[in-house]
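# this one's sequence-less:
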């Protein structure tokens, strides 16, 4: 496989998990956003979105490298820091849905990229 072909697969994969995945997760979680915002505690502006971007970037990288154990580590680390202070079950459920949607989208993109790379 030449480097040009790999770039044609990997760059779009990272772009897909960066922007369209964020939009899709936000869109799928829209029915619950009002419930979460009504009892939300103060947080950094757009911190959840940035965490999602970084989470998907790391997960895609680990999937492409075949390091599936590291994917579990990223999810465990996120859970430890995000859920330990969340006494609000609505917010915890919302964050968990976002995490699982992000994971599913990123795994699909990563596995598709691996398949495409194998076809080249």
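The structure has been received and is ready for your questions. Predicted model only: the values in this text are computed from it and were never measured. Numbering: from 1, shown residues only.

# Now the longest helix anywhere in the chain: buried residues?
Scanning the chain for the longest helix, with DSSP state H as the assignment, gives helix 89-119. For helix 89-119, a neighbour-count test (16 or more other Cβ atoms under 10 Å) marks 91-92, 94-95, 98-99, 101-103, 105-107, 109-110, 113, 116-117 as buried. C-betas here are computed from N, CA, C, even on glycine.

# low-scoring stretches of this structure, by residue?
Within the chain, the stretches with pLDDT under 70 are 1, 39-45, 82-88.

# List the buried residues in the helix or strand that residue 73 is a member of.
Assigned by DSSP states H and E, residue 73 belongs to helix 68-83. By neighbour count with 16+ other Cβ under 10 Å, helix 68-83 contains the buried residues 71, 74-75, 78, 82.

# try stretch 54-63
For stretch 54-63, the neighbour count (16+ other Cβ under 10 Å) marks 55-56, 58-63 as buried.

# Report the two of those separated the most.
55 and 63 (12.3 Å; Cβ to Cβ).

# Which neighbours do those two have in common?
With contacts defined as Cβ atoms under 8 Å, 6 or more residues apart in numbering, the residues shared by residue 55 and residue 63 are residue 106.

# residues touching residue 70, list them.
Contacts of residue 70 (Cβ under 8 Å, 6+ apart): 58, 62.

# separation between it and residue 19?
Relative to residue 19, residue 70 is positioned 23 Å away (Cβ to Cβ, to the nearest Å).

# Could I get the buried residues of stretch 54-63 in TSV, plus columns for distance to residue 12?
Putting the buried residues of stretch 54-63 into TSV (distance: Cβ to Cβ, whole Å) gives the following:
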residue	distance to residue 12
55	19
56	14
58	18
59	16
60	11
61	15
62	18
63	15
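
# who does the longest helix of the chain touch, helix- and strand-wise?
In terms of contact count using 3 or more Cβ pairs under 8 Å, 6 or more residues apart in numbering; DSSP states H and E, helix 89-119 is assigned the packing partners helix 3-18, helix 20-38, helix 47-64, helix 68-83.
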